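K.L.:
This is a predicted model, with the sequence first.
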Amino acid sequence: MDRQQALDLLKEHISNQNLIRHNMAVGFIMQALAKKFGESQDDWELAGMLHDLDWEKTKDDFSNHTKVTKEILEKTDLKPEIINAIYVHNWVHKIPPETLLEKTLYCVEELSGIITAVALIQPDKKLASVSVDSVLKKFKSKSFAAGVNREIIMLCKEYISLELPELVAIALGAMTAHAEEIGL
């Protein structure tokens, strides 16, 4: 599967433009982290792009989130390790991530949400106005972007050997570089 096929699949299964943008943002973050870790940027971007493919179908039944995606993706030529990383990222399944790809997607998927939320409170609502420090400050405020699971993000040191400020810097840089594509 290539990037365009993944984008077509997103548009086939997701009608909410903001949800498509979220998936794209996670794809860009994963691509940047793949580059840092010397992994396949294409594979990692696909994992990020497709991680919430079933969200509109499963948002009211979180226990099925990623199960439906797995069923959809198993009918494609997407690599099994990418499908598994997507499946494992739903912490409700209680499947500990094992590979670097799985651990990275597990930690960063939630991070894009808080970065987006920080952008949206800026006067211009743009990523260009967001700093690492502003994200870290809001990260400490549990009432800000309350739906973001900070505990999962904080596993970044244990899982992928990155301190939170470095991970935020990489994620923010990746999202900012593609701000127009993700509408921020």
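P.N.:
In hand now; what should we look at?

K.L.:
When you work out contacts or count neighbours from here on, use the C-alpha atoms and nothing else.
P.N.:
Noted.

K.L.:
distance of Phe62 from Val168?
P.N.:
Taking C-alpha to C-alpha, to the nearest Å as the criterion, Phe62 is separated from Val168 by 26 Å.

K.L.:
how close does Ile82 get to Leu120?
P.N.:
Taking C-alpha to C-alpha, one finds Ile82 at 30 Å from Leu120.

K.L.:
cool, Asp77 as well?
P.N.:
As defined by C-alpha to C-alpha, Asp77 lies at a distance of 36 Å from Leu120.

K.L.:
which of the residues in whichever strand or helix holds Val135 are buried?
P.N.:
For Val135, the host element (DSSP states H and E) is helix 132-140. Using 16 or more other C-alpha atoms under 10 Å as the test for burial, helix 132-140 gives Val132, Val135, Leu136, Lys138, Phe139.

K.L.:
tell me which element the nearest residue to the third one once chain neighbours are set aside is part of?
P.N.:
By that I understand Leu136. Distance criterion C-alpha to C-alpha, 6 or more residues apart in numbering; nearest residue to Leu136, sequence neighbours excluded, is Pro165 at 7.2 Å. In this assignment (DSSP H and E), Pro165 forms part of helix 164-177.

K.L.:
and that helix, what other elements does it pack with?
P.N.:
Packed against helix 164-177 by the contact rule (3 or more C-alpha pairs under 8 Å, 6 or more residues apart in numbering; DSSP states H and E) you find helix 17-37, helix 100-120, helix 132-140, helix 156-160.

K.L.:
how about the CA coordinates for that helix, as CSV?
P.N.:
Only the C-alpha atoms of helix 164-177 are listed here, as CSV (Å, rounded to 0.1, in the frame of the first residue of the first chain):
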residue,chain,number,x,y,z
LEU,A,164,9.0,14.3,26.7
PRO,A,165,10.5,17.7,25.5
GLU,A,166,12.4,16.0,22.7
LEU,A,167,9.4,14.0,21.6
VAL,A,168,7.2,17.2,21.6
ALA,A,169,9.9,19.0,19.6
ILE,A,170,9.9,16.3,16.9
ALA,A,171,6.1,16.0,16.8
LEU,A,172,5.6,19.7,16.7
GLY,A,173,8.2,20.1,14.0
ALA,A,174,6.6,17.3,11.9
MET,A,175,3.2,18.8,12.2
THR,A,176,4.3,22.4,11.5
ALA,A,177,6.2,21.2,8.4
